[in-house]
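[1] Whatever this is, show me its structure:
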Amino acid sequence: MEEAPIKYCLYARKSSEDDERQAMSIESQVKEMSQLVEKDSLFIKEIRRESHSAKQSGQRPIFCQLLKDIQNGVFTGILTWAPDRLSRNAGDLGMLVDMMDMGKLQQIRTFSQSFSNNPNEKFLLMILCSQAKLENDNRGINVKRGIRAKCEMGWRPGPPPIGYFNRSFAGVKDIVVDPDRKDRVIEMFHKVATNGDSGRKIKCWFDRIGFTTRAGKPVSLSTIYMMLTNPFYYGRFEYPTKSGIWYQGKHQPLITKELFDKVQHQLITCPKSKWGAKVIAFKGLFKCGKCKENMVGEDRMRKIKVGPARQHIYYHCARKMGVCDQPYISEETLISEIAKYIDFMETNHPESLRFPSEVVNNIENFKKTREEILYHQNINPKTVPLDLKEYAKYTLRYGQVQEKRDLVMALGKLYVLDRCITALTN
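    The predicted structure is shown next:
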């Protein structure tokens, strides 16, 4: 009986990583192997191309699909340029050998060799693929050794921070100062150390003067804080990051160690809370009257001559659609405006002051507490009736955050009702 011809899949691979740039390109592999197919009259059922590293097992989608197709009998042979195109790790190599042991994979053929299901050829295949793995491992060790040597020479690997750039001249790579950005970087450190500027204030200044990264993009707030805490600017660097291994750089420092320490002290004396930890009572409840964006809040700590710093909360629009010229408003001013609106509603539209149950419960609790205080002062509460404006002022200034938000959201509904009443009367 005639044996069925081997159904080959021509598999061409090129790594997408730097360490295999010198390998033959995919199309060159296909061209060379196609000549071998014509010469030996082989049956190629399909050609598959892949650009992926073979360092780790099971990470190549096209190769994994090829193994599944061999398991299902779609292919019985593999045609490739060299054994290392198939595997550079023990896992994928073991799966290929298992396929041969099960009789699913009859032959692996390369440009200069062929491997069938017999002990000697399988052993040779394992040696060649293991040699490729050894080369990979040694290459990684050599790269790390080269990086360490570069660090010991005083040159930090990778892209430098803003204010520097990498230069390659006459075969020598070094790090030089960026003349277009160095002055602004130095001024940034002085602003923080001398004036106590915050990161947000530095960002506003950068945006105003058009200071950008080397790619022409605005400098983000997180990048500013990374710059302010980067010792590279005074001549030292840590590599790898958080390894505790420090090197003295050969690049030109932009600032002194003393200035850097002053900046770190300034950053420490202005502690920053975690994202979402600050509670801003009226955040997201109002919109800007001009640009219609949501109003956001932020707190500021103001130093005074005697005693601890005082906290002040300000609100402003988010300005998502561009720059809005509306000024900031303090929380005290905002509370006064809310109280004026309540006074207006109580005077002109008392019939519309219908609050939801949660606000009514809060008013009743406030009323009971107020009565106890008046009785303690020998004052009859009936002679001093509760004024809604009194409750609002107390709650907006001293109440719980949820009580404040419930009251303001209820007033927002009353504002819609007030506009409807005004429209009907007109």
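[2] how about low-confidence regions in this structure?
    Within the chain, the segments meeting pLDDT under 70 span 1-3, 16-24, 169-172, 269-278, 303, 305-309, 319-323, 352-353, 413-426.
[3] so which helix or strand takes in the spatially most central residue of it?
    Centroid-nearest residue in the chain: S222, 9.7 Å away (criterion: C-alpha atoms, centre = their mean). Using DSSP states H and E, S222 falls within helix 221-228.
[4] Tell me which strands the helix or strand following that helix pairs with, and in which orientation.
    Using DSSP H and E, the next helix or strand after helix 221-228 towards the C-terminus is strand 236-238. Take DSSP bridges as the rule and strand 236-238 pairs in its sheet with strand 246-248 (antiparallel).
[5] Residues touching the partner strand, excluding its own?
    For strand 246-248, contacts defined as C-beta atoms under 8 Å, 6 or more residues apart in numbering pick out C151, E152, G154, R156, G235, R236, F237, E238, Y239. Placement of C-beta: from N, CA and C, glycine included.
[6] Just list the residues touching the first one, thanks.
    Just to be clear, that refers to C151. C151 neighbours (C-beta under 8 Å, 6+ apart): P157, F237, Y239, I245, Y247.
[7] ok, now with 7 Å
    C151 sits next to Y239, Y247 when contact means C-beta atoms under 7 Å, 6 or more residues apart in numbering.
[8] and it, what helix or strand is that in?
    Per DSSP H and E: helix 119-152 holds C151.
[9] What are the buried residues along that helix?
    By 16 or more other C-beta atoms under 10 Å, the buried positions in helix 119-152 come out as E121, K122, L125, M126, L128, C129, S130, A132, K133, N136, I147, C151.
[10] these two touch, right, the first one and F115?
    Read that as E121. Yes. Using C-beta atoms under 7 Å, E121 makes contact with F115 at a distance of 4.5 Å.
[11] mind saving the C-alpha coords of stretch 342-352 as PDB?
    C-alpha atoms of stretch 342-352 as PDB (Å, rounded to 0.1, in the frame of the first residue of the first chain):
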ATOM      1  CA  ILE A 342     -33.900  79.600  51.100                       C
ATOM      2  CA  ASP A 343     -34.900  83.100  52.400                       C
ATOM      3  CA  PHE A 344     -36.200  84.000  49.000                       C
ATOM      4  CA  MET A 345     -38.300  80.800  48.700                       C
ATOM      5  CA  GLU A 346     -39.600  81.100  52.300                       C
ATOM      6  CA  THR A 347     -40.800  84.700  51.600                       C
ATOM      7  CA  ASN A 348     -42.100  84.400  48.000                       C
ATOM      8  CA  HIS A 349     -43.100  80.700  47.600                       C
ATOM      9  CA  PRO A 350     -43.700  79.100  51.000                       C
ATOM     10  CA  GLU A 351     -46.200  76.700  49.500                       C
ATOM     11  CA  SER A 352     -43.400  75.100  47.400                       C
END
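[12] any idea how far that stretch is from the chain center?
    Computed by C-alpha atoms, centre = their mean, to the nearest Å, the separation of stretch 342-352 from the middle of its chain amounts to 49 Å.
[13] do the same with stretch 124-143
    For stretch 124-143, the distance to the chain centre is 35 Å (C-alpha atoms, centre = their mean).
[14] which residue ranges form the strands in the stretch 201-350 of the chain?
    For the stretch 201-350 of the chain, the strands defined by DSSP state E, counting those that start in this stretch cover 236-238, 246-248, 295-302, 310-317, 329-330.
[15] Out of the ones you listed, which is the most enclosed?
    Highest mean neighbour count among the strands of the stretch 201-350 of the chain (mean count of other C-beta atoms under 10 Å): strand 236-238, with a mean of 18.
[16] tell me the domain ranges of the protein?
    Following automatic domain parsing, the chain resolves into domains at 8-139, 164-269, 273-327, 332-425.
[17] Quick check: buried residues in stretch 163-176?
    Judged by neighbour count (16+ other C-beta under 10 Å), stretch 163-176 contains these buried residues: G163, Y164, I175.
[18] what's the span of that stretch from first residue to last?
    Using C-alpha to C-alpha, to the nearest Å, the end-to-end distance of stretch 163-176 comes out at 9 Å.
[19] Next: stretch 40-53.
    For stretch 40-53, by C-alpha to C-alpha, the gap between its terminal residues amounts to 30 Å.
[20] and what of stretch 284-301?
    End-to-end distance for stretch 284-301, by C-alpha to C-alpha: 22 Å.
[21] Any idea how far it is from the middle of the chain?
    Centre to centre, stretch against its chain (C-alpha atoms, centre = their mean), the figure for stretch 284-301 is 25 Å.
[22] begin at 42 from here
    Sounds good: first residue 42 from here, last item stretch 325-342.
[23] Can I get the strands of the stretch 242-391 of the chain in a markdown table including distance to N402?
    As requested, those are exported to a markdown table (distance: least, C-beta to C-beta, whole Å):
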| stretch | distance to N402 |
| --- | --- |
| strand 277-279 | 57 |
| strand 287-289 | 61 |
| strand 336-343 | 26 |
| strand 351-358 | 26 |
| strand 370-371 | 30 |
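[24] Which of those sits closest to G257?
    Ranking these by proximity to G257 (C-beta to C-beta) places strand 277-279 first, at 25.5 Å.
[25] What lies in contact with that closest one?
    Contacts for strand 277-279 (C-beta under 7 Å, 6+ apart): R197, P272, I286, W287, Y288, Q289, G290.
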